[in-house]
Every structure is written in C-alpha cells, then in structure tokens.
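[1] From the sequence below, what's the structure:
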Amino acid sequence: MEAGLQSSFKGVGATVILQGKQGATGELRLLADFADILMGHTARPGTRIQYLQHFPVHRFDLSNELTINIVWGPGVTLGLVRDKRKQGGYLAAVSGFAGAEFIFHRVPVTVSTSFSADLGAHMTIRNRYDNTMTYYEYGLRRAWYPEIGIRYRF
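    Numbering: from 1, shown residues only. Predicted structure coming up:
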C-alpha cells in the first residue's frame, strides 16, 4: 500500500495505491479541482473522486536504488466541479491515464508523473426545472497538464 499527495494545475489532493493481483494496482484519488480558480473566475474549488486501474507496460531496473515503471490504465471520475466558466455541476466521466513511477529502494518513496483525461458529462442544476447536461470540456482540454505525485510505501 502507498499513500501520498497528487499535484497538478488541475488540482491537488490525496492518493492511495492498493496492490492488486498479477502486478495490477488500483489508485484512489480525492482531489480539489482547480477549474477556473487559477484564471481568477471563481474562488471555490470543486471536488473530484477518481479511481484508476494501473496496468504495467514496462519495468526498468536501473540500479539497486531505482526502478522505473511505465503504467497506464482506465478509470472513472465523479465530482462536483465547474466546467469552462459554467456554474458548478455534477461530473460523471470515464477516465484514462499514462505515466511513469520512479521507485526508490533506499527510502520507501515513489515519485510519479502522469497525464490523465476524462471523457464525460457535466450537469448544471439551476433550479428544479432548469437542468443542463453538456459534454465536460475540461476533461480533454486539461489532459495535457502534467500530474506529479509523491507517495510513501508502507
């Protein structure tokens, strides 16, 4: 098991890695979403919860001190977020990511870098009879924002 922090221009939050069978692992992220905050359009962050399944692509054992894992995987994202200057609304999306994990053996620390995308729907609720469901634009627009994580291995 690993636990730590995830940071990006998309948002920041906590992440937990749970070991699975045959090298696959699951990652659970609880993030404060920065949509429109860094641009100054709002002052309140949204909230996202994301689950990603990690599948190993390749493992590089560079030395006794460092291993690099190339990983990718699908996932799901749910949240209460803003989308491109729209009011806050509900998010439901299918996710995907690709990244690299730098596993240090002398200290129980893993540093990761990745890119992730969300393809889904954003529903804004104005009142009981005025709801709008649209494509979640920030899901693919912000896919190129790098994500950096640091986790402690237990």
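
[2] any low-confidence regions in the chain?
    Within the chain, the segments meeting pLDDT under 70 span 23.

[3] Now do the helices in it.
    138-141 (DSSP state H).

[4] Show which residue of it lies farthest from the average position.
    The C-alpha centroid of the chain is most remote from Tyr129, which lies 32.6 Å away (Cα atoms, centre = their mean).

[5] For that one, which phi and psi angles does the backbone take?
    Taking degrees, to the nearest 10, you get phi -110, psi 0 for the backbone angles of Tyr129.

[6] any idea how far it lies from Trp144?
    38 Å (Cβ to Cβ, to the nearest Å). Backbone N, C-alpha and C define where each C-beta goes, glycine included.

[7] Likewise for Thr132?
    27 Å.

[8] quick one: which of these two has more around it?
    Neighbours per residue (other Cβ atoms under 10 Å) separate Thr132 from Trp144, with Thr132 holding more: 12 against 8.

[9] ok, the closest residue to that one other than its chain neighbours - how many residues close by?
    Spatial nearest neighbour of Thr132, excluding adjacent residues (Cβ to Cβ, 6 or more residues apart in numbering): Thr124 at 4.7 Å. If you count neighbours by other Cβ under 10 Å, Thr124 ends up with 16.

[10] Tell me who's in contact with Thr124.
    Thr124 is in contact with 86-89, 131-134, counting by Cβ atoms under 8 Å, 6 or more residues apart in numbering.

[11] Equivalent analysis for Thr25, please.
    Thr25 makes contact with 17-19, 53-54, according to Cβ under 8 Å, 6+ apart.

[12] what sits up against stretch 129-141?
    Residues outside stretch 129-141 that contact it (Cβ under 8 Å, 6+ apart): 35, 77, 81, 83-84, 86, 89, 91, 93, 117-126.
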